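**Q** The following block contains a protein sequence and its predicted model.
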Amino acid sequence: MGRLFGTDGVRGVANAELTPEIAFKLGRAAAEYFGRETAAPKIIIGRDTRLSGTMLESALAAGICSAGGNAHLLGVISTPAVSFLTSVMDANAGVVISASHNPFEDNGIKFFSKTGHKLPDAVEDEIEAIVAAPIDYEKKPTGSSVGQVIVENDMAELYIQHIVNSADTELDGLKVVIDCANGANSEIGPEILRRLGAEVITIFNEPNGININNGCGSTHLEALQAKVVECGASVGIANDGDADRCLAVDEKGEVLDGDQIMLICALELMKKNQLSKNVLVTTVMSNVGLHKAMKEHGGSCVKTKVGDRYVLEEMIKSGYQLGGEQSGHIIFSEFSRTGDGILTAVRLLGAMVRNNQPLSEMGALMKKYPQILLNVRVADKQGWEEKQKIKEIVHYYENMLGDNGQILVRASGTEPLIRIMAEGPDQAQLETIAANIAEVVTKELA
């Protein structure tokens, strides 16, 4: 069996790959691991709106209790809310049951430490080792040592107040359409925007267990684009199923991705001298236009590997305030320990109000360079980085593009694929570059 934990927790088709048995074992292992710090560890559990959520919640809670921990159930609530509440409620750990932007058949289990941060690989490995080890039934708690399940009511209000209090301006005068993806933010998201004074129109906020992310949310923006234009709204906001992502639609129905949103928010922080060293943390997938725009305004970008956990690691290590991904995972370290879709929306909308500008004008601060993505299926991706001819052709085109573009070649984490990204000012040139690199990759890894 391969590693149980992936890039964002344990994930798979519910009741097939991610079974109640696995959920039980993860709960037991988590209680045993976090029980090293204290007897009867307190572990909070939130979930999104998937049909399988209650099944996995029950199994996970039973596993926690069987190892002497107490499972505190928050019900349907977003990933960033669980991250926030883990520390606020003085829990030893937090758990989210969600598969983010995936279809409803999938589900996942991811953990947060008592500080609200995602667990490092080393801790996940320890939990995974406990899952794999035989159960020592002689050491299992009995009697009064068995844990209990505690249903927590109205914890979402603490998170709502936190986000409302983080806003530095009211949103009066903004007409906002919010696409809740039929997910965890279906109630919380619109409520926060209304409390800040926005006129809110909600779409896809009626979850039924099987419609999460179905033709809606941050991966399906067409309905939001149409609704913004139809209603004459100032802006559209899209979250995903667990509400840790935010993308936006301007008043003309055009999409702003995470790069554009980060630029707007970074420039606002720079105006207040609140962006440490005027640095924005991005991944290698961010558009070169973002880097150029930051440079034009006196700032710079630091790149990390793909994945919001790597963005956060760099932010913590160097004391940076803002970072994120093109996909809309954006982290404001002053207020959050993970990507937060509604916090991002509040910061973006606040920038619109303070600048008294339509979002289309603010989005135009960044010129998006064309980007070509190719997936090359190979016989064996192992050791591809050491292939001299691949290194040579990538280096050749990197020199050709210079500061006006970038080449990224990387192996897929789950499939026998080499992913090629070429970015620069000329679409036709990029198509040629990507095709030529793909040809060499195919020959070298056949």
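**A** Thanks, I have the structure now.
**Q** Leaving aside the residues adjacent along the chain, what's closest to the most centrally placed residue in the chain?
**A** Centroid-nearest residue in the chain: H329, 4.2 Å away (criterion: CA atoms, centre = their mean). Leaving aside its chain neighbours, H329 sits nearest to G339 (3.6 Å; criterion: CB to CB, 6 or more residues apart in numbering). The way it works is simple: take the backbone N, C-alpha and C, and place the C-beta from them, glycine included.
**Q** need the helices for the stretch 51-200 of the chain, in chain order.
**A** If DSSP state H, counting those that start in this stretch is used as the criterion, the helices of the stretch 51-200 of the chain fall at 53-66, 79-88, 121-132, 156-166, 188-195.
**Q** elements contacting the last one?
**A** Judged by 3 or more CB pairs under 8 Å, 6 or more residues apart in numbering; DSSP states H and E, the packing partners of helix 188-195 are helix 156-166, strand 175-179, strand 199-203, helix 341-355.
**Q** So which of those is the most surrounded?
**A** Ranked by mean neighbour count, those are led by strand 175-179 with a mean of 25 (mean count of other CB atoms under 10 Å).
**Q** okay, the helices and strands packed on helix 188-195 in JSON lines with mean pLDDT and distance to F104 next?
**A** Compiled in JSON lines, the helices and strands packed on helix 188-195 are given as follows (pLDDT from 0 to 100; distance: least, CB to CB, whole Å):
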{"stretch": "helix 156-166", "mean pLDDT": "97", "distance to F104": "22"}
{"stretch": "strand 175-179", "mean pLDDT": "98", "distance to F104": "16"}
{"stretch": "strand 199-203", "mean pLDDT": "98", "distance to F104": "18"}
{"stretch": "helix 341-355", "mean pLDDT": "98", "distance to F104": "18"}
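**Q** export these to a markdown table and tack on distance to L74?
**A** What follows is the helices and strands packed on helix 188-195, written out as a markdown table (distance: least, CB to CB, whole Å):
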| stretch | distance to L74 |
| --- | --- |
| helix 156-166 | 8 |
| strand 175-179 | 22 |
| strand 199-203 | 22 |
| helix 341-355 | 16 |
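**Q** Which one of these lies nearest to R245?
**A** helix 341-355 (5.2 Å; CB to CB).
**Q** follow-up on the earlier one: let me know which of the helices of the stretch 51-200 of the chain is the nearest to K139.
**A** Closest to K139 of these, according to CB to CB: helix 53-66, at 11.5 Å.
**Q** So, low pLDDT: which residues of this structure?
**A** Within the chain, the segments meeting pLDDT under 70 span 1-2, 413-414.
**Q** Where do the strands of the stretch 201-350 of the chain begin and end?
**A** For the stretch 201-350 of the chain, applying DSSP state E, counting those that start in this stretch gives strands covering 235-238, 247-249, 255-256, 279-283, 300-304, 322-324, 330-332.
**Q** sorry, back to before: pretty sure the residue nearest to H329 contacts G324?
**A** Yes: shown here, G339 and G324 form a contact pair, counting by CB atoms under 8 Å, at 6.6 Å.
**Q** Need the overlap of contacts for these two.
**A** Common neighbours of G339 and G324, using CB atoms under 8 Å, 6 or more residues apart in numbering, are D308, I330, I331.
**Q** What separation do you get for the last one and M262?
**A** Which is I331. 10 Å (CB to CB, to the nearest Å).
**Q** Common neighbours of those two, please.
**A** Taking CB under 8 Å, 6+ apart as the contact rule, I331 and M262 both touch L322, G323, G324.
**Q** The last one reaches V311, doesn't it?
**A** If I follow you right, that is G324. Yes: when contacts are counted by CB under 8 Å, G324 is listed as touching V311 (6.1 Å).
**Q** And those two? Which one has more around it.
**A** G324 (29 against 26; other CB atoms under 10 Å).
**Q** Could you measure from that one over to T7?
**A** Distance, G324 to T7, using CB to CB: 16 Å.
**Q** now C216
**A** 24 Å.
**Q** What of D403?
**A** Taken as CB to CB, the span from D403 to T7 is 30 Å.
**Q** Just want to know which of those two has more residues nearby.
**A** Between D403 and T7, counted using other CB under 10 Å, the more crowded position is T7 (13 against 9).
**Q** Need phi/psi at the more buried one.
**A** phi -70, psi -20 (degrees, to the nearest 10).
**Q** Mind naming the longest helix for the chain?
**A** In the chain, with assignment by DSSP state H, the single longest helix is helix 427-444.
**Q** ok so, going back, using CSV, please lay out the shared contacts of G339 and G324 together with distance to N239.
**A** As requested, the shared contacts of G339 and G324 are exported to CSV (distance: CB to CB, whole Å):
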residue, distance to N239
D308, 15
I330, 12
I331, 15
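**Q** Thank you kindly, that will do.
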